[in-house]
Every structure is written in structure tokens, then in C-alpha cells.
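Chemist: test case, fold it:
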Amino acid sequence: MAVRRSIRPSLRSWGGSAPWRWTGATRDRGRTSKETVLRLARRGNGRYLLAIDLIGIVIAAYLALALRFDRISGPLMVPSFPLIVFLLLTVRTATNVRLGLYSRRWRYASVPELERIVGAVAVGSLFSIAVFYGTAWAQGGAWVDGFPRSFWPIELLLSVAILGGVRFGIRAAADGVPSQALQTATDRRATLLYGAGNAGVLMARSAQRHPGAGVQPVGFLDDDPSQAGGIVAGLRVFGGLGSMERAVAETGAKTLLITMPSAPGSAVRRAVEAAMALGLEVRTVPSVTDLLDGSVDAYRVRSVRVEDLLRRPMVTEHAAGVEEIIRDRTVVITGGGGSIGSELARQVFAIGPRRLVLVDRAESPLYLILRELETRRDRGQGSGELRAHLANVASHAAMERLIADEAPSVIFHAAAYKHVPMMEEHPSDAAYVNMGGTQVLLDAAAAAGVDRFVFVSTDKAVRPSSVMGASKRIAEMLVADAARRTGRPYVSVRFGNVLGSTGSVVPIFQAQLENGEPLTITHPDMTRFFMAIPEAAWLILDAAALGRDGDLFVLDMGDPIRIVDLARDLVRLAGRDPDSQPFETVGLRPGEKLHEDLFYDREHVEPTASPKVLRAVSSRPAADVREHVRQLLTLASGENEAALREAMLDYVRVMDDAAPESEPIGASDRRDLVAIDIAQGQRAGAAAR
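Modeler: Take a look at the predicted model:
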């Protein structure tokens, strides 16, 4: 608005003509000419581009002959010149239309579009040559005699230059003309980009095109010594992290943007610590698991999260067979509104199932993920029919009807009660959902002939000390038993904690930091295995494709992490000093262990085709495990929770640890021990009543 108010007096004093020596008017005039080019590209489905190309084809033909004869009147020396022009206009127009040169958005042109232009021109030249000499041969015409054959390569190069120049001129104009909504952006922070690779270049260009994103690139940092001192995307590369202080002094940078989506957590941590030491705000592009659509732009910049500091090298290609079991198939995901279930839904939907069916008891999370997937489909980031079912996985009638009606090819069973202390107070609910729900779903899958079943388990199922862990371990046994009965690849996938899931430790710490409260630590030495949610879902899909009947897969979680170290990282990312942050040790809660395990000692670990998916081989469960579970569920009445808890834990111990590895416990011995445990639980329940 300020520019317009300044121009109006000039228009009155100069009789309607603005003084072009004034920079504001000059800038507006230049902007107007660029916007005209953009309008030209958008209007009339390429009609304007077609008109320009027709003129360009004539010019290219004329110049080719002029250059060949080294005189401007050269074309006049060729009697067949009008025929040549007509031929080129006809053939090139048809070829360009066929190869899409008038249907693409040229404001985003890049190398693939240049290849398309060169290809279209080359094909047009070949057809023109064939028609020209073929017609002359058929008619026995002498009018081709003396026609310079060098005309064709010269004309080809000129056509590429003219057609490509027009289209990349549109791209250049687009880069220089931010949208009207963004022209008022003033809050742009001088930003150093750490990482001068492909993602860094894309980010620099996106930030230059979109000032409203608030990122003003002023230079690069990169640990590759060969990059130092060079120019990338028009910006100087100062060197590695050791050059950060000098780069900040020379550019006045206020922010460090980490533009390495696949960088390991150690590299991110070093960058964060170096930037914070200089008082810089630290931002990052999303990790590679969040960039499955391949897009990198300035609007996707976000704050560094704790999972970035723990990031591991990510497998970016699925194991063989993942697309085969998902694409154009019907897929059911239980717990579709939860942390793992919703991420599985995103990744499955991106592959392109015929139908994706989400099941959950929680209305709002189910509604939100459904809306998100619909938006992704509108943006071309997923495909397939979407269905949502509000249902309880422990309901026989609901699951039998749902699975029979949907007839899925694969079921991902992620629905479960998972919070350890809460399940210690509600063992009946844990048994009813985690054990009973899994058995109900397995029965429905077997009856409907479902090809694959994938059960999402937990590291707490290994030597469990909690009801939640015991219920998950028993569910693993049920899956292995169903695989044995059906001969189908029904498998379990076991892994540790996922960062950022609902109710997990990270959101709790973040809320305590925002409220100015001490961070509550259960024990200074407590450790847990952690993994980002997208990586966990990615590897679950791999396990689904690799599965044989009864397989138990364990995801490679890396090294366990101390909870107190995780808390200190969160404090540091919040811009505070971890040494001055108050911590409060509250002790282990009911059911919790100081350390978790991923394997039993007797489980034999094998690698698979996916480097981060391991196969744990152990003995098969008891043949009558379903009957044992039915007996345990008779205790899940809520009348004596302590008895049920002990019965579940005892059952797992009997099944997994009662006999030496060299002498597996027999089925009759298992039945006797289980019967004793359950009978004791039933008597305890009767006494309580």
C-alpha cells in the first residue's frame, strides 16, 4: 500500500506517466511484466504457448538457413523454404501436443521438463526429415537437390533453445514473483543452511520463491571439504560446523536450518549444540520418513524434536513383496486412530490399496485420521476407498461380521490397551482386549480366509512384570497357534517404545516444561528402547511381507536410552540449561521394570531380507493354548483382579521359563501347571466374593 500511495502523486504531476527513474515504479513495472508471463502460462490451456511456438518454429527455420549460408537472405535462396516451414509447423505442433508440452505447469520446470523438450524436438526433427525426403523420393522431385543437410541439426538446436527458453523463462519469472499473499511478508530470519546437498538446494530455492515462509537463506555449512568456498544455489558454502561462528559474523544469521533429512541423530545433535552455543535458533526439515512424497519446501520447516536427536539411518526401500500385499488389496487396520495404527494407515494408503478399512473404539481419533487420509487423497498422496468402523475388537459378532463383509487380504492388529500402570489396576480389561480381542480377530480372520495377519506386540512381553506385558505375550502365543492351524503367514512384530505416542514420556515431559513443573523421573538408571513412529510402521510393513506362518519378528531398536538423558535433551531443545532444570525422582510405578528386553535368552535370532527386522525363533506354543486363554478369560470378571493378574503372569512363566532349554516342557505338564494356576485364581475369586 505504501508503494501505491507514493505513485499516485507522480501520476497526477506527470499526466499519468510515472517517473521511471523512481525505483518503486520500476520495480512494479518489472513485476507486472513477469506476472504477464505467468498469466500467459496459465491461460487458455497452452493456447498462448502454442502461438509463441509457431512463431518460434518459423524463426528457428529461418535462422538455420541464414546461418548455413552466412547471410540474412539465405532462406530466400532456397525455393523449398515455404514447404519446409509448413512441414515443421505441422509436425512439431503435433509432436509437442502429443508429448504434453502444452499441458504442463512450466513455472515448476526442471531437468525432467528439459529432457521432455529435447525429446519432443528430436522426435519432431526425425519425423520431418522422414516426411521431407520420403515425399521427395516418392515423387521423384528434384526440389530437394542442393538443400543443405546441415539445416536439420542447426534447426534442431535453435528449436530447443527457443522452445526451452520460453518455458524456462516462465520458471524464472515464477521464481521472481511471490504470490500477492506473500509479498507483504517482512519477518524473514537470516538463516544458515546446514547441508548443501539436494535437500539444501531445494530448500534454498523454495525459501527464495516463498518469502512468507520466513526463511532468508544467507549461506551454507557443509562438512564435505570439497564444498567449502564454493557457490551452491547462489549461496556461499562457508565450510563445516567449525566455520559456523565465522559464517554468523559475516552474514548476521539468526537461525540454523538443518537441511539433511536422512542425517543420523549424532550429526543433528552436534549441529544443535554448536548452534545453541552461538545463540542461534535451530530448525530442521522433516526426516526422510516424513518426506515420503519427496517434497521439500520452506513451509515444512519445523523445530528440532527429540526424535531428531535419536534419528538413525533410515531404510528408504521396502522389503520385496510389500507393494504386492498392499496395492489394489483390501487392508484392515485395528486401532487405526492410535499412534501406530494411524501411521500404518498413512503408509498403507500411500502405497495404494483398493480399500483401507480402519477400526477403532475411539470416535475422535478415528474421525481425524479419516479426514487426514481424505485430504492426502485429494493431494495425490494416496489412493483407494476409505472406510471407518467404530467397533470393539473383543466383540465376536462385530468382528466376524466386519471381516466377513470386508474380506481383507491382510489385517494389521494394532488395537490394544497399552499403559502399564493403568492395566495393573484393570487386569480384566487388559485380558479382555489384548488377549480376548486378539483371539476373536484371529478366529474371524481364519474363518474368512484372510491371507495375512500382523499382530503388533511389545518388548514388555519379554519376561513380563506387568499385566499388559503378560497379555501381549499370551497374544503372541495365540498368533503362533493360529498360524500353525491355518498354515498362513500370521505373525507378531515386537518392538519397544515409540517417541511421541499418546501418553508416552515425551509429551508428559513437554507438558511439564510448559507448565514450569519439575520433570518426573521414575529412576535415574531406567532405560528404554525408542524408535520413531514412522520408522516402526515402515518396518511393520516389511515384516508383513517377510512373514511365514507363526513368525515372531523383532525390530532392531538400537541401544537402550536412559530416560533421564532423554529428559535433558528435551530441556536443551526448549532453550534451557539442563543443569538448572529441576528433576523429581518418583520411583517405579506398578508393573514397571528398570530395563526392558527384546528377546528371551532361549530365542534364536536370525537376520531377514530387511536389515532392521530380525526373526526370533523359539518353540511353538502349547497345542491347547486357546483353551488356556479361555480359562484365563473366565477370571476376567473384575471381581478379583489380583488373582487374575497372578494367573496371567504365572501362565507366561510356566509356558516360557518352567523347563530347561534342552528339555522343553511337555504338553501334559503345561496343562497340569496351567490348571493349578487357574484353579488357584478361581478359588481366590470365590473367596473374595
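Chemist: by mean pLDDT, which helix or strand of this structure comes out lowest?
Modeler: Ranked by mean pLDDT, DSSP states H and E, the helix or strand of the chain with the weakest confidence is helix 2-13, at a mean of 36.
Chemist: show me the contacts for Leu614.
Modeler: Residues in contact with Leu614 (C-beta atoms under 8 Å, 6 or more residues apart in numbering) are Phe553, Val554, Leu555, Asp556, Val605, Glu606, Pro607, Thr608. Every C-beta, even on glycine, is put in place using the N, C-alpha and C of the backbone.
Chemist: hmm, 6 Å instead?
Modeler: Counting by C-beta atoms under 6 Å, 6 or more residues apart in numbering, Leu614 touches Val554, Val605.
Chemist: Val248 now?
Modeler: Counting by C-beta under 6 Å, 6+ apart, Val248 makes contact with Leu278.
Chemist: so how far is Ala199 from it?
Modeler: Distance, Val248 to Ala199, by C-beta to C-beta, to the nearest Å: 22 Å.
Chemist: tell me, how many residues neighbour Gly239?
Modeler: Neighbourhood size, Gly239 [other C-beta atoms under 10 Å]: 19.
Chemist: what does the one 4 residues further on give?
Modeler: The burial metric for Ser243, expressed as a neighbour count using other C-beta under 10 Å, is 18.
Chemist: got it, and Tyr367?
Modeler: For Tyr367, the number of neighbouring residues by other C-beta under 10 Å comes to 14.
Chemist: the closest residue to it other than its chain neighbours sits in which helix or strand?
Modeler: Nearest non-adjacent residue to Tyr367, counting by C-beta to C-beta, 6 or more residues apart in numbering: Ala388, 7.5 Å away. Assigned by DSSP states H and E, Ala388 belongs to strand 385-390.
Chemist: any idea how far that strand is from the middle of the chain?
Modeler: Relative to its chain's centre, strand 385-390 lies at 22 Å (C-alpha atoms, centre = their mean, to the nearest Å).
Chemist: SS state for Arg312?
Modeler: Of the three states, Arg312 takes coil under DSSP: H, G, I helix; E, B strand; the rest coil.
Chemist: go on, Leu614?
Modeler: Here Leu614 is recorded as strand under three-state DSSP.
Chemist: what bridges to it?
Modeler: Legend: beta-bridge partners of Leu614 under DSSP bridges are Val554, Pro607.
Chemist: returning to that earlier point: report all helices and strands that the strand holding Ala388 contacts.
Modeler: Strand 385-390 is packed against strand 355-360, helix 363-378, with contacts defined by 3 or more C-beta pairs under 6 Å, 6 or more residues apart in numbering; DSSP states H and E.
Chemist: with just CA atoms, put the last one into PDB.
Modeler: So that's helix 363-378. Extracted C-alpha coordinates of helix 363-378, given in PDB (Å, rounded to 0.1, in the frame of the first residue of the first chain):
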ATOM      1  CA  GLU A 363     -14.500 -41.800  17.800                       C
ATOM      2  CA  SER A 364     -12.500 -38.600  17.600                       C
ATOM      3  CA  PRO A 365      -9.100 -40.200  16.700                       C
ATOM      4  CA  LEU A 366     -10.800 -42.300  14.000                       C
ATOM      5  CA  TYR A 367     -12.600 -39.300  12.500                       C
ATOM      6  CA  LEU A 368      -9.300 -37.300  12.500                       C
ATOM      7  CA  ILE A 369      -7.200 -39.900  10.700                       C
ATOM      8  CA  LEU A 370     -10.000 -40.500   8.200                       C
ATOM      9  CA  ARG A 371     -10.200 -36.700   7.400                       C
ATOM     10  CA  GLU A 372      -6.400 -36.600   7.000                       C
ATOM     11  CA  LEU A 373      -6.300 -39.500   4.600                       C
ATOM     12  CA  GLU A 374      -9.100 -37.900   2.500                       C
ATOM     13  CA  THR A 375      -7.000 -34.700   2.300                       C
ATOM     14  CA  ARG A 376      -4.000 -36.800   1.300                       C
ATOM     15  CA  ARG A 377      -6.000 -38.400  -1.500                       C
ATOM     16  CA  ASP A 378      -7.100 -35.000  -2.800                       C
END
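Chemist: now it: buried residues?
Modeler: In terms of neighbour count (16 or more other C-beta atoms under 10 Å), helix 363-378 has its buried residues at Pro365, Leu366, Ile369, Leu370, Leu373, Arg376.
Chemist: secondary structure of Glu317: a strand, I assume?
Modeler: No - checked against three-state DSSP, Glu317 lies outside a strand; its state is coil.
Chemist: number of nearby residues for it?
Modeler: 8.
Chemist: which one of the buried residues of helix 363-378 is nearest Asn96?
Modeler: Of all the buried residues of helix 363-378, Arg376 has the smallest distance to Asn96: 33.3 Å, by C-beta to C-beta.
Chemist: what sits against the closest one?
Modeler: Contacts for Arg376 (C-beta under 6 Å, 6+ apart) come out as Gly382.
Chemist: per-residue pLDDT, it?
Modeler: We have a pLDDT of 93 for Arg376.
Chemist: how close does Arg377 get to Gly384?
Modeler: Arg377 sits 8 Å away from Gly384, going by C-beta to C-beta.
Chemist: what does Thr284 give?
Modeler: Using C-beta to C-beta, we find Thr284 at a distance of 31 Å from Gly384.
Chemist: look at these two and report which has more neighbours.
Modeler: Taking neighbours as other C-beta under 10 Å, Thr284 and Gly384 compare with Thr284 leading, 25 against 22.
Chemist: check Tyr102 and give its pLDDT.
Modeler: Confidence at Tyr102, expressed as pLDDT, is 78.
Chemist: repeat for Arg312
Modeler: pLDDT for Arg312: 75.
Chemist: what's near enough to touch it?
Modeler: When the contact criterion is C-beta under 6 Å, 6+ apart, the partners of Arg312 are Gly558.
Chemist: show the backbone phi and psi for it.
Modeler: When read as degrees, to the nearest 10, the backbone of Arg312 gives phi -110, psi 160.
Chemist: any idea how far Val450 is from it?
Modeler: Distance of Arg312 to Val450, computed by C-beta to C-beta: 33 Å.
Chemist: next structured bit after the lengthiest helix in the chain?
Modeler: Longest helix of the chain, by residue count under DSSP state H: helix 111-139. Note on helix 111-139: by DSSP H and E, the next helix or strand toward the C-terminus is helix 151-176.
Chemist: same for the helix or strand following that next one, what does it pack against?
Modeler: The helix or strand immediately downstream of helix 151-176 is strand 189-194, counting by DSSP H and E. Strand 189-194 sits against strand 215-221, strand 255-258, with contacts defined as 3+ C-beta pairs under 6 Å, 6+ apart.
Chemist: paired strands for strand 189-194, with orientation please.
Modeler: Using DSSP bridges, the strands paired with strand 189-194 are strand 215-221 (parallel), strand 255-258 (parallel).
Chemist: out of those strands, nearest to Arg302?
Modeler: That would be strand 255-258 among the strands paired with strand 189-194, by C-beta to C-beta, at 10.2 Å.
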